[in-house]
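Q: Following is a predicted model, sequence given first.
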Protein chains: 8
Amino acid sequence: GEFAKIDNHRALRTGFPEVIWSPGKTPDQIAQIMEVMRLRNPVVMATRIEGAVYAALQSRVRGLRYYESARICAITPPEIEPRYPGTIGIISAGTADLPVAEEAAVTAELSGFHVQRLWDVGVAGIHRLLNNRHVLTSASVLIVVAGMEGALPSVVAGLADCPVIAVPTSIGYGASFGGLAPLLTMLNSCAAGVGVVNIDNGFGAAILAGQILRTAEKLRLASSDS
Amino acid sequence: GEFAKIDNHRALRTGFPEVIWSPGKTPDQIAQIMEVMRLRNPVVMATRIEGAVYAALQSRVRGLRYYESARICAITPPEIEPRYPGTIGIISAGTADLPVAEEAAVTAELSGFHVQRLWDVGVAGIHRLLNNRHVLTSASVLIVVAGMEGALPSVVAGLADCPVIAVPTSIGYGASFGGLAPLLTMLNSCAAGVGVVNIDNGFGAAILAGQILRTAEKLRLASSDS
Amino acid sequence: GEFAKIDNHRALRTGFPEVIWSPGKTPDQIAQIMEVMRLRNPVVMATRIEGAVYAALQSRVRGLRYYESARICAITPPEIEPRYPGTIGIISAGTADLPVAEEAAVTAELSGFHVQRLWDVGVAGIHRLLNNRHVLTSASVLIVVAGMEGALPSVVAGLADCPVIAVPTSIGYGASFGGLAPLLTMLNSCAAGVGVVNIDNGFGAAILAGQILRTAEKLRLASSDS
Amino acid sequence: GEFAKIDNHRALRTGFPEVIWSPGKTPDQIAQIMEVMRLRNPVVMATRIEGAVYAALQSRVRGLRYYESARICAITPPEIEPRYPGTIGIISAGTADLPVAEEAAVTAELSGFHVQRLWDVGVAGIHRLLNNRHVLTSASVLIVVAGMEGALPSVVAGLADCPVIAVPTSIGYGASFGGLAPLLTMLNSCAAGVGVVNIDNGFGAAILAGQILRTAEKLRLASSDS
Amino acid sequence: GEFAKIDNHRALRTGFPEVIWSPGKTPDQIAQIMEVMRLRNPVVMATRIEGAVYAALQSRVRGLRYYESARICAITPPEIEPRYPGTIGIISAGTADLPVAEEAAVTAELSGFHVQRLWDVGVAGIHRLLNNRHVLTSASVLIVVAGMEGALPSVVAGLADCPVIAVPTSIGYGASFGGLAPLLTMLNSCAAGVGVVNIDNGFGAAILAGQILRTAEKLRLASSDS
Amino acid sequence: GEFAKIDNHRALRTGFPEVIWSPGKTPDQIAQIMEVMRLRNPVVMATRIEGAVYAALQSRVRGLRYYESARICAITPPEIEPRYPGTIGIISAGTADLPVAEEAAVTAELSGFHVQRLWDVGVAGIHRLLNNRHVLTSASVLIVVAGMEGALPSVVAGLADCPVIAVPTSIGYGASFGGLAPLLTMLNSCAAGVGVVNIDNGFGAAILAGQILRTAEKLRLASSDS
Amino acid sequence: GEFAKIDNHRALRTGFPEVIWSPGKTPDQIAQIMEVMRLRNPVVMATRIEGAVYAALQSRVRGLRYYESARICAITPPEIEPRYPGTIGIISAGTADLPVAEEAAVTAELSGFHVQRLWDVGVAGIHRLLNNRHVLTSASVLIVVAGMEGALPSVVAGLADCPVIAVPTSIGYGASFGGLAPLLTMLNSCAAGVGVVNIDNGFGAAILAGQILRTAEKLRLASSDS
Amino acid sequence: GEFAKIDNHRALRTGFPEVIWSPGKTPDQIAQIMEVMRLRNPVVMATRIEGAVYAALQSRVRGLRYYESARICAITPPEIEPRYPGTIGIISAGTADLPVAEEAAVTAELSGFHVQRLWDVGVAGIHRLLNNRHVLTSASVLIVVAGMEGALPSVVAGLADCPVIAVPTSIGYGASFGGLAPLLTMLNSCAAGVGVVNIDNGFGAAILAGQILRTAEKLRLASSDS
Ligand SMILES: Nc1ncnc2c1ncn2[C@@H]1O[C@H](COP(=O)(O)O)[C@@H](O)[C@H]1O
Ligand SMILES: Nc1ncnc2c1ncn2[C@@H]1O[C@H](COP(=O)(O)O)[C@@H](O)[C@H]1O
Ligand SMILES: Nc1ncnc2c1ncn2[C@@H]1O[C@H](COP(=O)(O)O)[C@@H](O)[C@H]1O
Ligand SMILES: Nc1ncnc2c1ncn2[C@@H]1O[C@H](COP(=O)(O)O)[C@@H](O)[C@H]1O
Ligand SMILES: [Mg+2]
Ligand SMILES: [Mg+2]
Ligand SMILES: [Mg+2]
Ligand SMILES: [Mg+2]
Ligand SMILES: [Mg+2]
Ligand SMILES: [Mg+2]
Ligand SMILES: [Mg+2]
Ligand SMILES: [Mg+2]
């Protein structure tokens, strides 16, 4: 439709197809865009889909799947297998951060990556993280999701020998100011090697983690070529 | 003088005498206030004294001592012994936080408390803290000083079984916004039992820690009375 | 459940068991966590429980009690007696600050402390505070709750000879900016010895006050040992 | 000069002549404006004059007087007597607020009003204010100057039976954010009847106080006419 | 009730009785406070009363009157006459600012002052103000209410020869940030003699204006005494 | 040099050649860029040149001219005549806004436009503007420069029948927050048809005004073609 | 009515009649103002009309038309033709920015201008813009609407040879802070010649664009006169 | 020394040795830390070294090298060769962003990575970037440095098929607010796969980029093992 110019070459240019960000779009617009995109892409995803929007989409889009806790709708092949070597470890600080952490996990899985989850290991009980250090060592890249004071990525980055992507969440109240507090915490991390994405942006973190694994794969292929 | 109404009964009312906050006061004003206060108080303190101001004060105030890294000037008796049971543990995240941490330490010592220092154990290398857990266990109250992302108090409060006072510092740059980042981190701590003071306010943290030990002493005396 | 890693040793480590912060959790998640926690803890608490959530929990969790004005749900023994010497004085500036002040009071009482309440004594009519100075003198630690301009803790700390914990509330409008105004007021208090917690965080204030009384008790026991 | 359009009728329109705000003006520009204004006004004032600027002005403008602590330069008649009934009480919280409080006091006196000063009576020692309540009762309008947490105007307005003008100052550090903290405190005052001016704006407070006394005088004359 | 400490002497101390600010109070609490206050005060007022709250109050409080556009409930004598000389001119910039402007107007009238209203004369069509300059000249004190950019008080203060009280409103969107934009505008007014109150605080503006007229009356009585 | 990629086609693409923004560049870098640019452009400009930088440039760049109050250095042909019909009216609120207003004026003149200046007509004395309404009527586009509360553009846009470009300045103090106050004022203008540029960005305002006159000229030529 | 002073001469003064901004006005007030305005203006417009408000207006105002995606209600002649030469190009970054972009487009068309729309060409797929450069070249003035990071206007202004008006939108989440992020982006544009309007202010952008085309027309008429 | 606890195992844990951040440290402290670190690390680096500090260090630390435009001091082996496959492309928007871009470049080179620089290709002249697309295609990871509006990373991420690390700089003025504007721009990027670091944090960006290449290398070695 005229209201949207679908970026059909994005997968060619950047490695990942366009994904529909649903807020501000009507279910009709989302459905139309999905139908156009399915013609060219094996997987079509829409993020930030509330239950009611899914209900409206269900009858309009054939074969739609809903990942409720991740708030993602997708058209997918029956089976999705990891296409790249390496593991994306995803760690969350608290139970309430789950929707954002799942947005990251489902986006990564639907994009062809292997994911390992570790939930509710915030710094108030640091032993929960220390007892699960194997997750840190077995991952090739880590996504760390935290609200409130957002201190977990700093601790993780001080322990892990791989890139760390930090996702602040809007979970908190008062002087959290909608996620500003953990955002600033993560940007000021005294542990180097932390890349930060927008508040609640589990999706973006997964795409960045995926880019990292794809780069690794391209370097490997290049080296084995030569 | 007319420009200052010294609060001579503050020690009686609140347990601690007034302390001079030097910014915005001329050396002459500081010296005059010190001379009036020494008539009634065994210890007279002024905080935030830069080197040049100390130089100007030295000739005006007899027997003045300068704690350089703490930026404190004081008139004191020759010997200052702890007058209260218990230890105030003071922990800092980085080397650059030292002036604030020393402001806390010297204030506490001049006020009659026993202090144990632990410097440069920030969360980017969490083992430095874990290797020094004895400081956490032997203290009756902890002051934790941190700039940048300010994550240390959360981790400490999750490990320690005593009150924790958090002091954000203005050490950092960019999105630290003059200490706003660690301040918000500390206020949003997911570890309960953390009281926060103003950015760089080592002085205030020491007074609060002192109040806690004085309360403990008063409760002990009350219980042994009965 | 996998979605939560209950921190069962927190009471051992820090003196207080984990408490459930309800926002962002489903009633089912809250109920499950409560059931696991009751196996190990005499008191199980959940904060920020709105009426509708309590209604949903009531049928799922046996023996649940609701402290409505404090918005707290708890599983408790039939009788709760103070287990520590000393009194936590809790003072609020206005009638609208009551839910936060009660969150502090109920948390403290359920944790084994003796509480004395003093409501609606804000600085616009300072005589209301001055007429109740006995509350200030009989408390071992004070929690002061205030919204709007948040000036009460400064005045109290200038009068009281014990630690003061300041709780800003989101009560107010316009340039209160959701509690930012009283938060800044309290952080900038010219009366030393004030520890500040997050906006509306009555719970955290109570835990800190409790830590102070527990520290006192530990010091007393240590001294009587020797 | 072309660079300035002096508002010669302002005294006629609003009761007060224009006053020169010096920042961003060269000494030459200030001197030229003063020379033009003296032709029409018995008193010519310039505010925010640092010592070095006064030195530069001294040789250019005949008969110039410098009020150092108020940072005001003025051309005045030899004697200035109050021209209006009533007293402007000016109260400051701390010694460091003096320059702002004096800016208010000197502006008011040069504009023909009677001033009573009360310095250094901040809320950390509330008895200092209570012991001087006569200043509150004898004033027709009060200007209250405070930095740090800025709580003094609320307390004063709860005690005084006259208009209160609150002046936040930039005195403080850290979470004072250049005077934002006391500004918000004063705007959110739970005591009604407080008008707030810009941070450090002693000048504006004095003009507003003067307007109040002039209005009173006009009403009196009108009533005695009839 | 214990939940409120009514400040019965406030009228004696400050000239105005306490007024009930309704947000955060239940209709029951409001009704109880009103019943206690009516025993001592001829007029009892509650502000920020939405229609539904008024409905709930109506059956509980006898003789209650609702000023809908001002969102004020009051118990009043049958007739209210101005008790003080002088007029409070109230000017609003736009139609949407009406509730705040009416809050000021009704508060002033119920407190015994004479009010003159001038609505919808914002600076985008400055002739609307210039054509009504008689309102500026006949008032003894002016309240200027404006949202969006909030420029009206500066223009009025440059024209009027009396105190000006500026009330920013939350009317606007985007970079208005809930009224922050007009608040800053008014605080930075280059026209001197403007006192600012909180965003949407029509009530506070009226009390301050009333204090100004009462001060005038007291000065007049004092002068005719002597 | 490698450190700069001069955008030589910018004049072709956008109608105006690149202009050097000096902060963060060494005098050597500025001089090198100027020398390269003079090969292709009749006029070469650098903005934000402090006196000391001009001194350093003078010996390095032949034929350099310094517009001191505008803080602009330029290489120009001996004579610069307006090349486009129409007048850019430039209005400033206060004397201290002059450097920004002159940056706009000199940029416009060096770019080939006719400029009319009107300084120091801020809203505190609105008659100064009303007495000069001919400037408003004779201009084809207006640039309005104001600091402090920044109300002037709203008033001008309500009177003028042409596009208005608003330039907030950092002139002010306290709650001006470095020009944030006038910036918000201008963005929230209730007078439609106001375009805002960055704080102190006289340069950008002049380029936009120039674009407007160039567009007019292109439309005229197009219409006379047909 | 007394609640509104319709600015009937605004079209004469500024070229555009007053337009009704609906938030904070009741449907009754809107209808009354429309009825008064239709007596004098060929087109009467009200912006920010939600569906429910339109439903309420429909029965009260004869001949009302609703532009749903633009949220505009208008009384118009049967046919509206462009009255000025030139084209306003309107470009939006994403599908969700459509309501703001349509507000600009419909305002411009109803005001007598020719509009060309280009939707969904954000910088994440820059080829979508580069493939449509004809829109940039054929427009006399460009309005660029963007949320999220708001980078589109900078890119457009670097390519286009005409004035660019930038409209930030509140589309986005987290660190967008309600549109603050794209607003700051646009104000800091390194491409000169960009004028910015308030967040979501499509209306204001259209009026400014219209002023630019009207100025062009006036200059043309003046030149052909001479 | 006691003032610093050097984290000697950091290279083992995280792959990169500790690097000295100089602000807030005396030259003596820096020199002492360097001497301790050189015992264990082939390369010792200190960032944010101003010229004067370098002068002071030169005599204290043998074999020290100063990278002036990067503000980095280092002890290095005579020759440093890339130790990892892949290229880090570093792109800057303007000439003034050079110090930050060089901080990233030198950090990366000293850490054993191959770097390709592309300076001054900001979005105001997008062809400069498009003409250098080979830099985008040949890099395995990109660092994009930009001040002012910070739009460059979004455009780059829309074109590049590799991870993008965005570094906002404090270059700009007015509504840049010290780099807040480009920081928000980058966090809100509508192009997915962008990780953001602190304002001016070239160092952190280089470490993150290095982690990405090290991860790639580890995955390659793991795959060739099996
Ligand atoms: N949850 C999400 N958070 C941030 N960006 C997203 C998300 N989902 C999709 N996107 C991005 O948003 C863009 C969609 O913009 P639009 O044209 O408004 O649909 C796509 O290019 C995606 O890369
Ligand atoms: N470094 C400091 N930080 C915060 N407050 C301080 C500091 N030093 C002294 N003070 C307090 O500041 C008050 C001094 O205010 P003043 O009357 O201006 O001297 C004293 O009551 C102290 O409690
Ligand atoms: N210290 C001050 N603070 C605020 N405003 C002032 C001060 N001194 C003078 N003014 C006002 O600033 C205006 C001067 O603006 P200008 O045209 O820049 O001289 C005058 O109209 C005064 O009312
Ligand atoms: N005073 C100024 N304010 C804002 N932008 C400017 C100013 N002077 C020059 N510029 C712009 O800044 C850009 C220069 O960026 P740079 O590559 O750092 O020299 C040029 O494209 C100009 O359009
Ligand atoms: Mg948990
Ligand atoms: Mg260190
Ligand atoms: Mg009350
Ligand atoms: Mg004092
Ligand atoms: Mg109107
Ligand atoms: Mg002037
Ligand atoms: Mg799109
Ligand atoms: Mg450049």
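A: Sure thing, it's come through. Ligands and ions are numbered 1, 2, ... in the order given.
Q: any idea how far the closest residue to ligand 4 within chain A lies from ligand 9?
A: Of all residues in chain A, A:Leu187 sits closest to ligand 4, at 24.0 Å by CB to the nearest ligand atom. Glycine gets a C-beta too; all of them are placed from N, C-alpha and C. Remark: distance between A:Leu187 and ligand 9 (CB to the ion, to the nearest Å) = 43 Å.
Q: Just give the number of residues close to that residue.
A: 28 (other CB atoms under 10 Å in any protein chain shown).
Q: Would you confirm that it contacts B:Gly174?
A: Yes - the pair A:Leu187 and B:Gly174 qualifies as a contact (CB atoms under 8 Å) at a distance of 7.3 Å.
Q: still on that earlier bit, got a list of what the residue of chain A closest to ligand 4 touches?
A: Contacts for A:Leu187 (CB atoms under 8 Å, 6 or more residues apart in numbering or on different chains) come out as A:196, B:149, B:174-175, B:181, H:183, H:196-199.
Q: try it again with 7 Å
A: A:Leu187 sits next to A:196, B:175, H:198 when contact means CB atoms under 7 Å, 6 or more residues apart in numbering or on different chains.
Q: Equivalent analysis for A:Arg83, please.
A: Contacts of A:Arg83 (CB under 7 Å, 6+ apart): A:Gly112.
Q: tell me the SS of it?
A: Assigned with DSSP: H, G, I helix; E, B strand; the rest coil, A:Arg83 falls in the coil class.
Q: Buried ones in the longest helix that chain A contains, by neighbour count?
A: Criterion DSSP state H: the longest helix present in chain A is helix A:202-225. Neighbour counts over helix A:202-225 (16 or more other CB atoms under 10 Å in any protein chain shown) mark A:202-220 as buried.
Q: circling back: just give me the closest of the contacts of A:Leu187 to ligand 9.
A: Nearest to ligand 9 out of the contacts of A:Leu187 is B:Ala175 (CB to the ion; 40.9 Å).
Q: Would you confirm that that closest one contacts H:Ile199?
A: Yes - if you go by CB atoms under 7 Å, B:Ala175 and H:Ile199 touch, sitting 5.6 Å apart.
Q: residues shared between the contacts of these two?
A: Contacts common to B:Ala175 and H:Ile199, judged by CB under 7 Å, 6+ apart, are H:Leu183.
Q: so how far is A:Arg117 from the most centrally placed residue in chain A?
A: Taking CA atoms, centre = their mean, the centroid of chain A lies closest to A:Ala104, which sits 2.2 Å from it. Taking CB to CB, to the nearest Å as the measure, A:Ala104 falls 10 Å from A:Arg117.
Q: shared neighbours, the two?
A: Common neighbours of A:Ala104 and A:Arg117 (criterion: CB under 7 Å, 6+ apart): A:Ile90.
Q: quick one, what contacts the nearest residue to A:Ala56 once chain neighbours are set aside?
A: Leaving aside its sequence neighbours, A:Ala56 sits nearest to A:Pro27 (CB to CB, 6 or more residues apart in numbering or on different chains; 3.9 Å). For A:Pro27, the contacting residues are A:53, A:56-57, A:60, by CB under 7 Å, 6+ apart.
Q: What is the burial count for A:Glu68?
A: Neighbourhood size, A:Glu68 [other CB under 10 Å]: 11.
Q: per-residue pLDDT, it?
A: Predicted confidence (pLDDT) for A:Glu68: 95.
Q: How about A:Arg10: what's its closest non-neighbour residue?
A: A:Glu18 (4.9 Å).
Q: How about the secondary structure of the closest residue to ligand 8 within chain A?
A: Nearest residue of chain A to ligand 8: A:Ala175, at 28.8 Å (CB to the ion). Using three-state DSSP, the structure places A:Ala175 in helix.
Q: can you tell me how far it sits from A:Ala146?
A: For A:Ala175, the distance to A:Ala146 - CB to CB - is 16 Å.
Q: These two: which has the busier surroundings?
A: The residue with more neighbours, out of A:Ala175 and A:Ala146, is A:Ala146; 32 against 26, by other CB under 10 Å.
Q: Is that one in contact with A:Asp97, as I believe?
A: Yes - here A:Ala146 reaches A:Asp97: they are 6.4 Å apart, a contact under CB under 7 Å.
Q: intersection of neighbour lists for those two?
A: Common neighbours of A:Ala146 and A:Asp97 (CB under 7 Å, 6+ apart) are A:Thr169.
Q: ok, the residue lying closest to A:Thr14 once chain neighbours are set aside - contacts?
A: Nearest residue to A:Thr14, sequence neighbours excluded (CB to CB, 6+ apart): H:Asp161, at 5.3 Å. By CB under 7 Å, 6+ apart, the residues touching H:Asp161 are A:13-15.
Q: and which of these is nearest to D:Thr137?
A: For the contacts of H:Asp161, the minimum distance to D:Thr137 (CB to CB) is 74.1 Å, reached by A:Thr14.
Q: Spell out, range by range, the helices that occur in chain A.
A: Secondary structure of chain A (DSSP H): helices located at A:10-14, A:27-38, A:51-58, A:98-110, A:127-130, A:133-138, A:152-159, A:180-187, A:202-225.
Q: Rebuild those as JSON lines, extending it with mean pLDDT.
A: Listed next are those as JSON lines, based on pLDDT from 0 to 100:
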{"stretch": "helix A:10-14", "mean pLDDT": "80"}
{"stretch": "helix A:27-38", "mean pLDDT": "94"}
{"stretch": "helix A:51-58", "mean pLDDT": "96"}
{"stretch": "helix A:98-110", "mean pLDDT": "97"}
{"stretch": "helix A:127-130", "mean pLDDT": "92"}
{"stretch": "helix A:133-138", "mean pLDDT": "95"}
{"stretch": "helix A:152-159", "mean pLDDT": "95"}
{"stretch": "helix A:180-187", "mean pLDDT": "98"}
{"stretch": "helix A:202-225", "mean pLDDT": "94"}
